[in-house]
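Participant: 3D model of this:
(chains A and B)
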There are 2 protein chains.
Amino acid sequence: MKTATIIGLGLIGGSLGLSLKDKKLCDCVMGIEHSEKSARRAMELGLVDGITTLDEALDKSDLIVLATPVDTIPTLAVKILNRIRRDQILMDMGSTKQELCELTAMHPNRGRLVATHPMWGTEHSGPEAAQHDAFKGRTVVICDREQSDADALQAIEQLYSAIGMPIKYMSAEEQDLHCAYISHISHITSFALALTVLEKEREEEHIFDLAAGGFESTVRLAKSLPQTWAPIFLENKYNVLDVLREHIHQLQILRRMIEKDDRQGLVEAMQRANKIREILK
Amino acid sequence: MKTATIIGLGLIGGSLGLSLKDKKLCDCVMGIEHSEKSARRAMELGLVDGITTLDEALDKSDLIVLATPVDTIPTLAVKILNRIRRDQILMDMGSTKQELCELTAMHPNRGRLVATHPMWGTEHSGPEAAQHDAFKGRTVVICDREQSDADALQAIEQLYSAIGMPIKYMSAEEQDLHCAYISHISHITSFALALTVLEKEREEEHIFDLAAGGFESTVRLAKSLPQTWAPIFLENKYNVLDVLREHIHQLQILRRMIEKDDRQGLVEAMQRANKIREILK
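Facilitator: This is a model prediction of the structure:
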């Protein structure tokens, strides 16, 4: 691949730029960034080799990558597919897929799109948050692979393999459902936990002094960028609401056990929860 | 201090044994452990110099430390205070304090007790979970210090300072309230999150493959020992229920915003949650 252009040079797009450059997967990695300040920082940090425009990318890039907030990806994808050539590939890195796959389903150039979700992120954002080797060892989900042209799919599979990511195939529906459980709900509970503590603990000094490691790890995701996560929750609304309902239900069961001094019930519920140990080991 | 005896050689008691030995704060560190297997492991791991009995500890130890599950601490403390000498000190390391301080309030030997809560722990348990330098840099809370004799208080302050812990003073009421927010609620949400995911994600393969760093950190505490945490939640019942109510309320607010596609509301709520970043930095 000669030239790739990444649209959106934040945590995800910036880290991909570093991976492509570090592994020498492209001769030239360009970036498109609507914030001038972020574009400048991305250049200073060496995330990309240059800043370009969509017109130029459509003219010269072999690969165009969408790494913008998820609510902007579907319409951007359609607009790019409208103008893409048969020798070019479009890839997205968004956290939700159903809207994207629905909007592009009947597009005559749908085959040039490969819909991907690399399962990596941190609570930090912007070009400064980009990391070398960010994706290494993490799973990447490729959605609705049968909708992508064989050559485009193969090129993207090679790209992710080269940066060290095992590949998992799913439908867009499956991916959005599982991500609601595995990723989106963790962020919601973390935000809610931060709000709970901030609401009650007006004397910040106590949080600061007492916060042990447990609190820091459960609340870490509450530092995440609202402009990234609000669109994810809304794009994946029905799955997220379903999980949230179940989560509140589980909290209410634990609450009732505490109210009734049901020690045995609490121990048994926590023993069931302990099974997560075997799964995550 | 010549001899210390630690009752309960799990994560907390075992780590204290290592700290006392590493820093040479006692000539001899003994342990009492009701599980024979744990006693043997504690000896093999070098957490203590020997295993003893309560009678012998009351005869020979300068310091007796309670590091057993919180629901056993208050009555054990009373029984030990009944027999303690004026040259001996009793200290506890439990996560809740009101019951302990209430039960010992009028005891003629109350002054020999120093009620402490070192703010450290992990999701692991038993002698194997003990760590060198575990407490270093973490805050320790000393409760109702005015109830302890000056010499006992000073000795314990010196002990914690020597193992690198800044000291914070609080009433038992304050400590239990703050710990409900900072520590206990994190565990409850983590257990509930694990149960939510395990309930819905029957195909464990997906959890295993997709679980990104965010999920692992929010769910880490769900690996904790039920026999440790059930007593903590019940001992601190009213504070825990109060926080849990607020947390469910915050989740419901976020849920309603997602239902109504209230993007602006979501962004603003998450921006408020982001303030946790400044507090924890």
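Participant: For chain A, which segments count as helices?
Facilitator: Assigned by DSSP state H, the helices in chain A fall at A:11-22, A:36-44, A:54-60, A:73-81, A:98-104, A:150-162, A:172-179, A:185-200, A:204-210, A:213-219, A:226-235, A:237-259, A:263-273, A:276-280.
Participant: Including mean pLDDT and distance to chain B, could the ones you listed go into CSV?
Facilitator: To be clear about C-beta, it is placed using only N, CA and C from the backbone, and glycine gets the same treatment. Below are the helices of chain A laid out as CSV (pLDDT from 0 to 100; distance: least, C-beta to the nearest C-beta, whole Å):
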stretch, mean pLDDT, distance to chain B
helix A:11-22, 98, 12
helix A:36-44, 97, 19
helix A:54-60, 97, 25
helix A:73-81, 97, 16
helix A:98-104, 96, 13
helix A:150-162, 98, 14
helix A:172-179, 92, 5
helix A:185-200, 88, 4
helix A:204-210, 66, 5
helix A:213-219, 80, 4
helix A:226-235, 94, 4
helix A:237-259, 94, 4
helix A:263-273, 95, 4
helix A:276-280, 80, 4
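Participant: These: which one's closest to residue B:83?
Facilitator: helix A:263-273 (29.2 Å; C-beta to C-beta).
Participant: sorry, back to before: wait, which of the helices of chain A is closest to residue B:237?
Facilitator: helix A:237-259 (5.9 Å).
Participant: on contacts alone, who are the packing partners of that closest one?
Facilitator: Contact here means 3 or more C-beta pairs under 8 Å, 6 or more residues apart in numbering or on different chains; DSSP states H and E; on that basis helix A:237-259 packs against helix A:172-179, helix A:185-200, helix A:263-273, helix B:185-200, helix B:237-259.
Participant: Redo the helices of chain A as TSV? Include distance to residue B:40 and mean neighbour count.
Facilitator: Formatted as TSV, the helices of chain A follow (distance: least, C-beta to C-beta, whole Å; neighbours: other C-beta atoms under 10 Å in any protein chain shown):
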stretch	distance to residue B:40	mean neighbour count
helix A:11-22	48	24
helix A:36-44	57	16
helix A:54-60	67	15
helix A:73-81	58	19
helix A:98-104	56	19
helix A:150-162	48	17
helix A:172-179	44	22
helix A:185-200	39	25
helix A:204-210	35	18
helix A:213-219	29	23
helix A:226-235	49	21
helix A:237-259	34	18
helix A:263-273	25	18
helix A:276-280	24	17
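Participant: Including distance to residue B:112, could the helices and strands packed on helix A:237-259 go into JSON lines?
Facilitator: Below are these laid out as JSON lines (distance: least, C-beta to C-beta, whole Å):
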{"stretch": "helix A:172-179", "distance to residue B:112": "56"}
{"stretch": "helix A:185-200", "distance to residue B:112": "35"}
{"stretch": "helix A:263-273", "distance to residue B:112": "31"}
{"stretch": "helix B:185-200", "distance to residue B:112": "32"}
{"stretch": "helix B:237-259", "distance to residue B:112": "28"}
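Participant: which one of these lies closest to residue A:129?
Facilitator: Closest among these, using C-beta to C-beta: helix A:185-200, at 15.7 Å.
Participant: Pull up the gap between the residue of the stretch 1-150 of chain A found nearest chain B and residue A:189, please.
Facilitator: Residue nearest to chain B within the stretch 1-150 of chain A (C-beta to the nearest C-beta): residue A:119, separated by 4.4 Å. The gap separating residue A:119 from residue A:189 is 18 Å, by C-beta to C-beta, to the nearest Å.
Participant: Spatially central, which residue of chain A would that be?
Facilitator: residue A:95 (4.1 Å; C-alpha atoms, centre = their mean).
Participant: Nearest approach to residue B:109 belongs to which of the helices of chain A?
Facilitator: Here helix A:204-210 is closest among the helices of chain A (C-beta to C-beta), at 29.0 Å.
Participant: quick one, what contacts the closest residue to residue A:13 other than its chain neighbours?
Facilitator: Distances taken as C-beta to C-beta, 6 or more residues apart in numbering or on different chains put residue A:67 closest to residue A:13, at 3.1 Å, once the chain neighbours are dropped. Each residue near residue A:67 by C-beta atoms under 8 Å, 6 or more residues apart in numbering or on different chains is listed here: A:6, A:7, A:8, A:9, A:10, A:12, A:13, A:16, A:92, A:93.
Participant: cutoff 10 Å now
Facilitator: A:6-17, A:31-32, A:73, A:91-94, A:118 (C-beta atoms under 10 Å, 6 or more residues apart in numbering or on different chains).
Participant: now residue A:275
Facilitator: Contacts of residue A:275 by C-beta under 10 Å, 6+ apart are B:194, B:195, B:198, B:204, B:222, B:223.
Participant: try residue A:172
Facilitator: Residue A:172 neighbours (C-beta under 10 Å, 6+ apart): A:96-102, A:105, A:115, A:117, A:141, A:143-144, A:147.
Participant: Distance check, it against residue A:141.
Facilitator: Distance from residue A:172 to residue A:141, by C-beta to C-beta: 10 Å.
Participant: Can you check which residues contact both of the two?
Facilitator: With C-beta under 10 Å, 6+ apart, residue A:172 and residue A:141 have common neighbours A:97, A:115, A:117.
Participant: Let me have those residues in CSV, extended by distance to residue A:260, neighbour count and pLDDT.
Facilitator: Below are the shared contacts of residue A:172 and residue A:141 laid out as CSV (distance: C-beta to C-beta, whole Å; neighbours: other C-beta atoms under 10 Å in any protein chain shown; pLDDT from 0 to 100):
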residue, distance to residue A:260, neighbour count, pLDDT
A:97, 43, 29, 96
A:115, 48, 27, 98
A:117, 42, 26, 96
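Participant: what's the closest of those residues to residue B:61?
Facilitator: For those, the nearest to residue B:61 is residue A:117 (58.5 Å; C-beta to C-beta).
Participant: separation between the residue nearest to the closest one when sequence neighbours are not counted and residue A:69?
Facilitator: Using C-beta to C-beta, 6+ apart and skipping residues adjacent in sequence, the residue nearest residue A:117 is residue A:141, 4.5 Å away. Distance of residue A:141 to residue A:69, given as C-beta to C-beta: 18 Å.
Participant: ok, the two, which is more surrounded?
Facilitator: Each of residue A:141 and residue A:69 has its neighbours counted (other C-beta atoms under 10 Å in any protein chain shown); residue A:141 has more, 24 against 18.
Participant: Who does that one form a beta bridge with?
Facilitator: residue A:117, residue A:168 (DSSP bridges).
Participant: which ones are touching it?
Facilitator: A:95, A:97, A:115-119, A:165, A:167-170, A:172, A:174-175, A:178-179, B:206, B:209-210.
Participant: Now do it, the pLDDT please.
Facilitator: pLDDT, residue A:141: 96.
Participant: what sits against residue A:269?
Facilitator: Counting by C-beta under 10 Å, 6+ apart, residue A:269 touches A:250, A:253, A:254, A:257, A:262, B:191, B:192, B:194, B:195, B:226, B:230.
Participant: want to throw the residues you listed into a markdown table with distance to residue B:21?
Facilitator: Formatted as a markdown table, the contacts of residue A:269 follow (distance: C-beta to C-beta, whole Å):
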| residue | distance to residue B:21 |
| --- | --- |
| A:250 | 42 |
| A:253 | 43 |
| A:254 | 38 |
| A:257 | 39 |
| A:262 | 40 |
| B:191 | 34 |
| B:192 | 38 |
| B:194 | 35 |
| B:195 | 39 |
| B:226 | 30 |
| B:230 | 31 |
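Participant: Right, I'll leave it there.
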